[in-house]
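K.L.:
Build me a model from this:
(one chain, ligands or ions: 2)
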Amino acid sequence: MKQYKITLLKGDGIGPEIVDEAVKVLNKTAEKRGFSVAYEEAELGGIAIDHTGVPLPEETIAKCKASDSVLLGAVGGPKWENQPGSNRPEAGLLGIRGALGLFANLRPAVIFEPLREASPLKPEIIGEAMDIMVVRELTGGIYFGERGRTKKNEASAAYDTELYTVPEVERIARVAFDLAMKRNKKLCNVDKANVLESSRLWRETVLKVAEEYPEVELNHLYVDNCAMQLVRNPKQFDVIVTSNIFGDILSDEASMISGSIGMLSSASLGEGKLGLYEPIHGSAPDIAGMGIANPLATILSVAMMLRYSLGEPAAADDIERAVGQVLKTARTPDIYTEGTRKVNCKEMGDLVCSAL
Ligand code: IPM
Ligand code: MG
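P.N.:
Numbering: from 1, shown residues only. Ligands and ions are numbered 1, 2, ... in the order given. Next up is the predicted model:
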């Protein structure tokens, strides 16, 4: 029997609860589809700071590198807010993305039919369906550029640097064009080329790569306009490609359109098969340990893992279908509407398992 090695980075806050449910679902899927999964746990974020002093221990990097894929819960919380910037839980997250070379972050924003009424947008704006894929560059730009404290006109000052190389833009553009080819052959490049030199280089490079994909219809939006268009007419989008910081912001916006940030999964990919899969929401310290978190974004991240890293697309379809099925009748508090059954985190995991 085929066996996959998965490293679990449960992290902080609601991380452990949601990962436990996703593991249950993965095990059930494996049983059904005839493969097995071996798990290894490693520490990342606040819990790693508590135990080792740093948010990303070397051992965690080694374990992740030795596995077929990584499933991550969430990191961070008020307990570690006073850590210096380079030792915060979030630095561990950026660090593992960098260490594994995961430059491409895929963040699908889809509306599950039963959740249409949970979207804050009017039904006529959402239309029949919404299915946007945000492709965010993940290991470059301002999140990885030179930063520091300095003085300007004798005042204390600080700076962060947005820098992209042509090869960095080329490789993320190719990921986006390849995805567009498999979908509706529409790609929107988002930048701020009317102001930023780094954006002008970004756009020039995307235009060069576009020559390799004559079938893809490419258009360009400035990021401010894109933020507006997402709530004005989200149906116009198929694949969006953008920089690290713009992708961070726009993917949160796109997720809210789908009803709840508790629903959206993500995949972070590099040159090889190894990927890191995580919900796009955070560690929600306010509800941690209460057992009411929505595990569906993590469960859907497992589906992405099966599709993009493990080459088990049928198993991925099973999970997505099961989630759609369960949502018709059961909801965690964040997506609850009258007439459905309110369930907790564990019950939601169990229901998805039974629907498989
Ligand atoms: C995300 C998060 C992270 C990011 C933070 C926690 C470092 O907001 O995955 O979108 O900015 O990438
Ligand atoms: Mg974010």
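K.L.:
residues contacting the residue in the stretch 51-200 of the chain positioned nearest to ligand 1?
P.N.:
Closest to ligand 1 within the stretch 51-200 of the chain is Glu90: 3.8 Å, counting by Cβ to the nearest ligand atom. To be clear about C-beta, it is placed using only N, CA and C from the backbone, and glycine gets the same treatment. For Glu90, the contact set (Cβ atoms under 8 Å, 6 or more residues apart in numbering) comprises Gly45, Pro55, Val75, Gly76.
K.L.:
Check for me that it belongs to a strand.
P.N.:
No - Glu90: not assigned to a strand; according to DSSP: H, G, I helix; E, B strand; the rest coil it is helix.
K.L.:
Could you report the pLDDT at it?
P.N.:
Per-residue pLDDT puts Glu90 at 96.
K.L.:
That one and Pro285, how far apart?
P.N.:
14 Å (Cβ to Cβ, to the nearest Å).
K.L.:
Spit out the residues that contact those two alike.
P.N.:
Gly76.
K.L.:
which two from the contacts of Glu90 end up farthest apart in space?
P.N.:
For the contacts of Glu90, the farthest-apart pair by Cβ to Cβ is Pro55 and Gly76; their separation is 9.3 Å.
K.L.:
Spell out which residues belonging to the stretch 1-150 of the chain are near ligand 1, please.
P.N.:
Glu90, Leu93, Leu94 (Cβ under 6 Å from any ligand atom).
K.L.:
which of the residues you listed lies closest to Arg307?
P.N.:
Of those, the one sitting nearest to Arg307 (Cβ to Cβ) turns out to be Leu93, at 22.4 Å.
K.L.:
circling back: pull up the gap between the residue of the stretch 51-200 of the chain closest to ligand 1 and Ile96, please.
P.N.:
For Glu90, the distance to Ile96 - Cβ to Cβ - is 11 Å.
K.L.:
shared neighbours, the two?
P.N.:
By Cβ under 8 Å, 6+ apart, no residue touches both Glu90 and Ile96.
K.L.:
So Arg136, which state does it fall into?
P.N.:
Arg136 is classified as strand under three-state DSSP.
K.L.:
Now do the same contact list for it.
P.N.:
By Cβ under 8 Å, 6+ apart, the residues touching Arg136 are Ala104, Asn105, Leu106, Arg107, Thr242, Ser243, Asn244, Phe246, Gly247, Asp248, Ser251.
K.L.:
isn't the last one right next to Ala109, touching?
P.N.:
Yes - taking contact to mean Cβ atoms under 8 Å, the distance of 7.2 Å between Ser251 and Ala109 places them in contact.
K.L.:
Between the two, which contacts overlap?
P.N.:
In contact with both Ser251 and Ala109: Val134, Leu264, using Cβ under 8 Å, 6+ apart.
K.L.:
So which of the contacts of Glu90 is the closest to Pro279?
P.N.:
Distances from Pro279 to these, taken by Cβ to Cβ, are shortest for Val75, at 11.5 Å.
K.L.:
Can you give me the distance of the residue nearest to that closest one when sequence neighbours are not counted to Pro313?
P.N.:
In space, and not counting its chain neighbours, Val75 is closest to Gly45: 2.9 Å by Cβ to Cβ, 6 or more residues apart in numbering. With distances taken as Cβ to Cβ, Gly45 is found 31 Å from Pro313.
K.L.:
higher neighbour count, these two?
P.N.:
Gly45 (31 against 12; other Cβ atoms under 10 Å).
K.L.:
Can you list phi and psi of that one for me?
P.N.:
phi 90, psi -150 (degrees, to the nearest 10).
K.L.:
tell me the contacts of it?
P.N.:
Counted by Cβ under 8 Å, 6+ apart, Gly45 has contacts 9, 11-12, 15, 55, 74-76, 80, 89-90, 92-93, 283.
K.L.:
Serialize these to TSV and add fields for secondary structure.
P.N.:
Putting the contacts of Gly45 into TSV (three-state DSSP) gives the following:
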residue	secondary structure
Leu9	strand
Gly11	strand
Asp12	coil
Gly15	helix
Pro55	coil
Ala74	strand
Val75	coil
Gly76	coil
Trp80	helix
Pro89	helix
Glu90	helix
Gly92	helix
Leu93	helix
Ser283	coil
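K.L.:
and the two most separated of those residues?
P.N.:
Maximum distance among the contacts of Gly45 (Cβ to Cβ): 15.7 Å, for Leu9 and Trp80.
K.L.:
So between the two, which is more surrounded?
P.N.:
Legend: neighbour count by other Cβ under 10 Å for Leu9 and Trp80, higher for Leu9 (28 against 20).
K.L.:
Run through the bridge partners of the more buried one.
P.N.:
For Leu9, the beta-bridge partners are Leu72 (DSSP bridges).
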